[in-house]
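K.L.:
only geometry, no sequence info:
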């Protein structure tokens with residue numbers, strides 16, 4: 001996915017599953033689980049139904065390696 005620095009993007013995640021099984025979505029960044037309760041402004045979760053959960057990256061930034 002191409003992203004312009006400073007723009008926001010949505011990374012969609014959609015699943016289908018046996019309704020008798022609970023589904024839990026867990027997003028991570030650099031190997032660390034994102035805790036949406038900490039109020040980190042760059043990450044936002046949308047679509048909290050059992051089959052659709054997307055991650056929004058707000059105001060993307062560029063890092064040099």
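P.N.:
Sure, I can see it. As the structure is a prediction and not an experimental result, all values here were calculated from the model.
K.L.:
grab the most central residue of this protein for me.
P.N.:
Closest to where the C-alpha atoms of the chain average out (C-alpha atoms, centre = their mean) is residue 55, at 2.2 Å.
K.L.:
give me the low-pLDDT residue ranges for the protein?
P.N.:
39-41, 48-52, 60-65 (pLDDT under 70).
K.L.:
strands of that one, start to end?
P.N.:
9-11, 28-29, 32-33, 43-49, 52-57 (DSSP state E).
K.L.:
can I get these in CSV with distance to residue 21?
P.N.:
Where C-beta positions appear, they are placed from N, C-alpha and C, glycine not excepted. Formatted as CSV, the strands of the chain follow (distance: least, C-beta to C-beta, whole Å):
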stretch, distance to residue 21
strand 9-11, 23
strand 28-29, 21
strand 32-33, 21
strand 43-49, 15
strand 52-57, 15
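K.L.:
tell me which of these sits most buried.
P.N.:
Greatest average neighbour count among these goes to strand 52-57 (a mean of 16), per mean count of other C-beta atoms under 10 Å.
K.L.:
helices or strands up against it?
P.N.:
Packed against strand 52-57 by the contact rule (3 or more C-beta pairs under 8 Å, 6 or more residues apart in numbering; DSSP states H and E) you find strand 9-11, strand 43-49.
K.L.:
10 Å instead?
P.N.:
strand 9-11, strand 28-29, strand 43-49 (3 or more C-beta pairs under 10 Å, 6 or more residues apart in numbering; DSSP states H and E).
K.L.:
select, out of those strands, the one closest to residue 3.
P.N.:
Smallest distance to residue 3 across those (C-beta to C-beta): 5.2 Å, for strand 9-11.
K.L.:
got the contact list for the closest one?
P.N.:
Here strand 9-11 makes contact (C-beta atoms under 10 Å, 6 or more residues apart in numbering) with 1-3, 27, 44, 46-47, 54-58, 60.
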